[in-house]
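[1] Requesting a structural model of the entry that follows:
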Amino acid sequence: MKTCTHCKEAKPREAFHARRGARDGLSSWCKDCKREQQRSLYDDPQYLKASIARLQAWTRRKHHARYTRGKHGLTIEEARIRVNEAGCCALCSSRDTLRIDHDHSTGAIRGVLCNKCNLGLGMFKDDPEVLEAAAHYVRSARYTTAS
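    Residues are numbered from 1 along each chain as shown. Below you'll find the model as predicted:
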């Protein structure tokens, strides 16, 4: 027998959830009290909204960490250190949303770019000849005004 600290009733041990770290290995609240507490929390829309937001934030962090580790072989902290050391985009010197740039064929890290420059390189498939052709086009194009 064990006494629930919430309802103060003595109940059999089977009426309590197992809990690691507890002296007797059981939760201090009985299953009925715990169930009632959970129901009352989930009836509160503010609690539900906050719980969903916490879960979504945790999921984003977890996926980002897994992506960074798999793609670059860096922990989130190592990636932050690289970005902070660079301080700005290697191409345009912008400080907006910096990303780690890597060579798609070898996976080697090249440096830190802002999101726009990183996406731009990706659109040109990291091909230096195409990038040079684009630069030549931009330099030599004659702009005409619409009449």
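[2] contacts, neighbours, all on C-alpha from now
    Will do.
[3] which secondary structure elements does the longest helix seen in the chain contact?
    Secondary structure of the chain per DSSP state H: the longest helix is helix 45-72. Taking 3 or more C-alpha pairs under 8 Å, 6 or more residues apart in numbering; DSSP states H and E as contact, the helices and strands that helix 45-72 lies on are helix 31-43, helix 76-86.
[4] May I see those helices organised as a markdown table, with distance to G70 added?
    A markdown table is the format used below for the helices and strands packed on helix 45-72 (distance: least, C-alpha to C-alpha, whole Å):
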| stretch | distance to G70 |
| --- | --- |
| helix 31-43 | 36 |
| helix 76-86 | 11 |
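[5] Tell me how the protein divides into domains.
    2-41, 45-140 (automatic domain parsing).
[6] ok, back up a step: for the helices and strands packed on helix 45-72, state which one has the densest average packing.
    Highest mean neighbour count of the helices and strands packed on helix 45-72: helix 76-86, a mean of 14 (counted as mean count of other C-alpha atoms under 10 Å).
[7] in the following helix or strand past it, what counts as buried?
    Using DSSP states H and E, the helix or strand that follows helix 76-86 towards the C-terminus is strand 98-102. By neighbour count on 16 or more other C-alpha atoms under 10 Å, the buried set for strand 98-102 is L98, R99, I100, D101, H102.
[8] Work out the gap between stretch 47-67 and the centre of the chain.
    Its chain's C-alpha centre and that of stretch 47-67 lie 8 Å apart, by C-alpha atoms, centre = their mean, to the nearest Å.
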